[in-house]
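Chemist: here is a sequence together with a model predicted from it:
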Amino acid sequence: MRKATKGDIRGLIALDAFAYGSDGASKEYFLEKFSNTNATILIVEEKGLLSGFAVIETYNNGKVPVGFSSMKTKNLPSKWIFIAAFTTKTNYKDKEEDKKPIEEIEKHAKKMKCKACFVPLSKDHPYEKHDVFLFWKKQGYQKCGEISWISNSKQIIECYLLKKELD
């Protein structure tokens with residue numbers, strides 16, 4: 001994995017559109033993440049081609065992501081990572097390949113002294129048929145609550161919130 005640059009935006013948009021159609025992230029979304037000091041975009045490449053990415057954001061001192069209208073701040077660790085976006089070319093079909101970016105995210109989080117990683121998964125996730133919920137469970141993530149996520153398009157998405165404690 002490597003950190004993305006603005007030159008990667010076209011590929012990021014294409015991969016997310018392939019995975020999520022019109023619900024995929026826009027150029028504006030990625031530009032906002034590049035300007036957000038809490039955010040990092042990590043890229044997975046296979047033979048020089050983009051095969052996946054993750055947008056992660058770091059939070060501390062009880063702060064929560066913008067758009068999380070119902071996330072409670074109690075029981076949050078002092079510093080934590082939020083996986084805001086996670087997309088791979090297999091869309092959870094190749095579990096071994098798709099877990100590699102998560103391992104890298106967790107290494108990154110530990111280097112930053114984060115105590116936990118969180119990921120929201122929409123209750124009606126489009127890759128439920130690919131066992132998306134079981135995939136995250138096998139990576140050590142456990143349901144710790146629910147949130148109403150206000151998307152970039154101002155749509156409210158009901159999500160399960162999953163958490164993994166880091167050593």
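Modeler: Yes, it's here. Residues are numbered from 1 along each chain as shown.

Chemist: other SSEs contacting the lowest-mean-pLDDT helix or strand in the chain?
Modeler: Lowest on mean pLDDT, DSSP states H and E among the helices and strands of the chain sits strand 142-150, with a mean of 85. Under the contact definition 3 or more C-beta pairs under 8 Å, 6 or more residues apart in numbering; DSSP states H and E, strand 142-150 sits against strand 116-122, strand 156-165. (Each C-beta comes from the backbone N, C-alpha and C, glycine too.)

Chemist: for it, buried residues please.
Modeler: 147, 149-150 (16 or more other C-beta atoms under 10 Å).

Chemist: from those, which is closest to T40?
Modeler: W149 (19.6 Å; C-beta to C-beta).

Chemist: gap between that closest one and H130?
Modeler: 21 Å (C-beta to C-beta, to the nearest Å).

Chemist: now do the helices in this protein.
Modeler: 9-20, 27-35, 95-111, 132-138 (DSSP state H).

Chemist: tabulate the ones you listed (JSON lines), appending mean pLDDT.
Modeler: What follows is the helices of the chain, written out as JSON lines (pLDDT from 0 to 100):
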{"stretch": "helix 9-20", "mean pLDDT": "92"}
{"stretch": "helix 27-35", "mean pLDDT": "94"}
{"stretch": "helix 95-111", "mean pLDDT": "90"}
{"stretch": "helix 132-138", "mean pLDDT": "94"}
